[in-house]
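In: Got a sequence here, can you build the structure:
(chains A and B)
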Protein chains: 2
Amino acid sequence: MITTKINQIKVLENGNIASPKGYTAGGVHCGIRKTKLDFGWIHSNIPAVAAGVYTLNAFQAAPLKLTKNSIEKEKRIQTVVVNSGIANACTGNQGYLDALETQRLAADKMGIHKDYVAVASTGLIGKTLPMEKIKVGIAEIGEANNSSAENFEKAILTTDTVTKHIGVQVEVEGKTVTIGGAAKGSGMICPNMATMLAFITTDAAIEENALQQALKSMTDCSFNRITVDGDCSTNDMVLALANGQQGNTPLNEHHPDWSIFLEAFKFVCEALAKQIARDGEGATKLIEIHVEGAPTERAAGQVAKAVISSNLVKTAIFGSDPNWGRIVCAVGYSEQPLDPEKVNVSLGNINVVKNGVPLEFDEVKATSYLRNEEVQLFVDLQNGKEKALAWGCDLTYDYVKINASYRT
Amino acid sequence: MITTKINQIKVLENGNIASPKGYTAGGVHCGIRKTKLDFGWIHSNIPAVAAGVYTLNAFQAAPLKLTKNSIEKEKRIQTVVVNSGIANACTGNQGYLDALETQRLAADKMGIHKDYVAVASTGLIGKTLPMEKIKVGIAEIGEANNSSAENFEKAILTTDTVTKHIGVQVEVEGKTVTIGGAAKGSGMICPNMATMLAFITTDAAIEENALQQALKSMTDCSFNRITVDGDCSTNDMVLALANGQQGNTPLNEHHPDWSIFLEAFKFVCEALAKQIARDGEGATKLIEIHVEGAPTERAAGQVAKAVISSNLVKTAIFGSDPNWGRIVCAVGYSEQPLDPEKVNVSLGNINVVKNGVPLEFDEVKATSYLRNEEVQLFVDLQNGKEKALAWGCDLTYDYVKINASYRT
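Out: Numbering: from 1, shown residues only, chains lettered A, B, ... in the order given. Below is the predicted model of the structure:
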């Protein structure tokens, strides 16, 4: 176990979505992808309080519409099923019927109400689901021989190169509650949700509205602060389940331990978001940008997103080139209130711009710093007290390679 | 001579900024760049009515501030001087003093009022101008041995691979008036102006306000509709000069020939914008997107810009991959009013999506179409009567290569 800076939060070694009490997860190869696992599930032993946030793309995929309706109706989810390979987006009425059929069959298999099943898909847009293969996957839900969080993590991947997971523990009313998470990227990642799927489970008891609020606000400062290519997909979704198996008084904003729980929840969201950014298509580096001195938290976030989304910044960092002019330029077109003559910029701890004008700095040292696998950029607007973080990755030959031939 | 569809407009062979009566142009190597020409000028034999549009980047470069002030004060420009290699942006007070000195020295050399000199710079951000070298350039302004529009076109380039120029003629009051243009790209090109410089000259007489209005509105549907990488630079500027040497009654919106002049002016802006997009960093293809059926022209423009700016669309076109899902996805996150179930998409004349759902189409034929050097994409929102065009280029290995090592 690792104890974080926020010393009440314990990070579990190999923590995952099945770490909290009462959850199982698994994944199989049902045949949509050539050989990789492509169908996964999470199951709670009782219906869990559920919350979701969904892509703002006008072409929201069928499974999202369905899941959103079910969660709004019942505020509970017991089983989550996910397929990779085909996104079931832009598939019209047939797509919705296929999502509905998936939900119904999974509910039958698990013997639960259909609205207790959440459905998610990720992959190619515009193809309908091969329902015979989906049925092969559904038949395996909950079967012990395929059950492991790792199988689930693998089954939801598309162009990702590594699985993404996290598990933490905090004390609530003296009870140890666990929060687990899994996610996938890695293209079409942008500040307003992406081809990203993320799932968070906890054995804490939480009130419905409190969980929805926590998920919304923590998504805003984690998943909505990452970018790989600025594209915002049709299928992005974050789901959170809280099954209350630790038996605490249901958490809400008035609970004395709410803030510590929220910190742990935020830690999980940030950890998954950073894992997605680091594994962006073709990425060799994680870029973390800190913006401070903004008049509002929103303004700080917009500046951070402008910098982290800039192709020119991303290619410069790929080339370990301390071309800070591109950072300044992105700050300048972020359309946020700022005084160019107050802006400071640093690459790691190397100050390169003070009050809008360049400083002399050691280029060799700066280039050497940018060769790290994790690069931190700092922008101080000196125009207020608010701050924000954002994460992204470098833009590389491999990004172009992956995306010039995704289908072929 | 080529006669365009709009049959009153004649496109001149090798037309350029020196084609209109009373203008000369030239360029020299003053020493900022290693061997390439890096200092250019345009000169009108009398002060010309002048208009300008400038980058919206908060870090507007010193020469832009200076030129903007001079044009606002006098509404006249007689000489334009431009250096490439160094942008004189983020250079604080010293940068402004250097721009001022450039303006003053150029005015002395040409024997004109300093506010009749426009100054522009393009290149690396954060370095101050080497004034000794600038002086070498200024000494050459107007000297016959370096005078040619081609020298000017070369002197303003940075990562561009080709010069950009155009010249057209139309009849105004029975007189043949000429409009010429020159421009440079090619990185940091985005929908709100870019590291782009464009210069338009004409021998027509135009009223001050009419010229400013024409330049603003034509920039909005040409230079502001191109994107290479979505970055909006500190130095973007479009200047228009009208010296009235044809002696027509000064044009304004009430003049009977205003609309034909405006069409020709638009043709020049679009031609330069397309030349910039086609020569985007690393580009192998020009992408033209037509959006129709939008409730407003602005909405159509926003949708077009979302598609043309998408890294995923740009890489798919580089790979000649008819992955229309990425086009639909970009339409969906453009945040414009649309009904997903009404959207049609075509690649050239190959219909791929109708009413939001995919059509069967010949993939081989589509791939073959996308191998062209000019690719046209069509999106019909079926949600109104307005339309817009935008231009961009594919995202290639060479874009990454150029930008990962710009300085080194």
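
In: which residues touch the residue in the stretch 101-250 of chain A that chain B sits nearest to?
Out: Proximity to chain B, evaluated over the stretch 101-250 of chain A using C-beta to the nearest C-beta, is greatest for A:Ile125 at 2.8 Å. Every C-beta, even on glycine, is put in place using the N, C-alpha and C of the backbone. Residues in contact with A:Ile125 (C-beta atoms under 8 Å, 6 or more residues apart in numbering or on different chains) are A:Phe59, A:Ala87, A:Ala89, A:Cys90, A:Thr234, B:Gly325, B:Arg326, B:Val328, B:Cys329.

In: For the stretch 201-350 of chain A, which segments count as helices?
Out: Using DSSP state H, counting those that start in this stretch, the helices assigned to the stretch 201-350 of chain A run over residues A:208-220, A:258-278, A:297-309, A:311-318, A:325-332.

In: out of the ones you listed, nearest to B:Ala214?
Out: helix A:325-332 (27.4 Å; C-beta to C-beta).

In: So which elements touch that closest one?
Out: Applying 3 or more C-beta pairs under 8 Å, 6 or more residues apart in numbering or on different chains; DSSP states H and E, we find helix A:325-332 packed against helix A:297-309, helix A:311-318, strand A:344-347, strand A:374-380.

In: for it, what is the average pLDDT?
Out: On average, the pLDDT along helix A:325-332 is 89.

In: and the angle from that helix to helix A:311-318?
Out: Orientation note: helix A:325-332 sits at an angle of 150 degrees relative to helix A:311-318 (axes from the mean of the first three to the mean of the last three C-alpha atoms, to 10 degrees).

In: So for the residue of the stretch 101-250 of chain A closest to chain B, what pLDDT did the model give?
Out: Looking at A:Ile125, the pLDDT reads 83.

In: on that earlier part again, what's the closest of the helices of the stretch 201-350 of chain A to A:Gln169?
Out: Closest to A:Gln169 of the helices of the stretch 201-350 of chain A is helix A:258-278 (C-beta to C-beta; 7.7 Å).

In: could you check whether the closest one is close to chain B?
Out: No: Helix A:258-278 stays clear of chain B (C-beta under 8 Å from any C-beta of the partner chain), getting no nearer than 15.2 Å.

In: counting contacts, what elements does that helix pack onto?
Out: Helix A:258-278 is packed against strand A:164-172, strand A:175-184, strand A:197-202, helix A:208-220, strand A:226-227, strand A:286-294, strand A:386-393, with contacts defined by 3+ C-beta pairs under 8 Å, 6+ apart.

In: so what are the domain limits for chain A?
Out: A:2-276, A:286-404 (automatic domain parsing).

In: May I see those organised as CSV, with distance to B:Thr178 added?
Out: Compiled in CSV, the domains of chain A are given as follows (distance: least, C-beta to C-beta, whole Å):
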stretch, distance to B:Thr178
domain A:2-276, 41
domain A:286-404, 35
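
In: what about the ones you listed, which gets the closest to B:Asn344?
Out: Among these, domain A:2-276 sits nearest to B:Asn344 (C-beta to C-beta), with 12.1 Å.

In: which strand in chain A runs the most residues?
Out: If you go by DSSP state E, chain A has its longest strand at strand A:39-54.
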